[in-house]
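Student: give me coordinates for this.
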Amino acid sequence: MEFPDLGKHCSEKTCKQLDFLPLKCDACKQDFCKDHFTYAAHKCPLAFTKDVRVPVCPLCNSPVPVKRGEIPDVVVGAHMDGDCRRPPGQETAKVFTFRCSREGCRRREMLRVACEECRGSFCLQHRHPLDHGCTRRGPPGSLAGCLEPRPSGASREGLGSWLARHFRFKVK
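Tutor: Down below sits the predicted model:
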């Protein structure tokens with residue numbers, strides 16, 4: 001009772017704890033203890049005014065502005081029906097773009113797997129010279145599919161980064 005004006009009681013109806021370091025909600029401007037200061041903990045009726053997330057259209061990947069009080073799903077749906085830059089029937093960019101050069105094979109790969117000897121592009125099943133009937137037969141290379149030979153000073157640890165540099169794929 002020495003300091004009757006020090007601290008404030010929590011504004012949550014079920015708590016009313018005396019707190020010497022109360023936190024003020026920036027939406028409803030009431031004082032709360034450490035357990036009830038979040039919007040969800042005290043069920044703040046004005047929490048939606050502080051929600052600043054912007055939904056993104058799944059078709060054209062552009063942000064869709066939502067006004068306060070509007071439901072984001074409805075606004076994104078209206079955008080997809082009318083203002084979207086990409087119509088729903090348009091195909092997405094193809095991932096598997098490198099077709100196997102072996103006659104009769106219709107497989108496609110994400111990465112270009114090239115034969116060192118004939119420089120053809122093949123699927124993983126036909127990547128070795130013996131598997132695709134290579135026209136230029138020579139001593140088989142140690143790294144099938146590479147266009148350049150492995151550097152002589154490459155250690156086993158450095159091989160992974162060397163392979164990563166040489167197998168980068170093109171994204172359309």
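Student: neighbours around residue 23, how many?
Tutor: Residues contacting residue 23 under the criterion other Cβ atoms under 10 Å number 16. Every C-beta, even on glycine, is put in place using the N, C-alpha and C of the backbone.
Student: please apply the same query to residue 102.
Tutor: If you count neighbours by other Cβ under 10 Å, residue 102 ends up with 18.
Student: kindly report the same for residue 85.
Tutor: Residues lying near residue 85 (other Cβ under 10 Å) number 11.
Student: can you tell me the helix or strand for it?
Tutor: Using DSSP states H and E, residue 85 sits within no helix or strand.
Student: burial of the residue nearest to it when sequence neighbours are not counted, as a residue count?
Tutor: Leaving aside its chain neighbours, residue 85 sits nearest to residue 60 (4.6 Å; criterion: Cβ to Cβ, 6 or more residues apart in numbering). Residue 60 sits with 15 neighbouring residues when counted by other Cβ under 10 Å.
Student: is it true that residue 60 touches residue 84?
Tutor: Yes. The pair residue 60 and residue 84 passes the contact test of Cβ atoms under 8 Å, sitting 5.3 Å apart.
Student: give me the domain ranges for the protein.
Tutor: 1-51, 52-84, 94-135 (the TED database).
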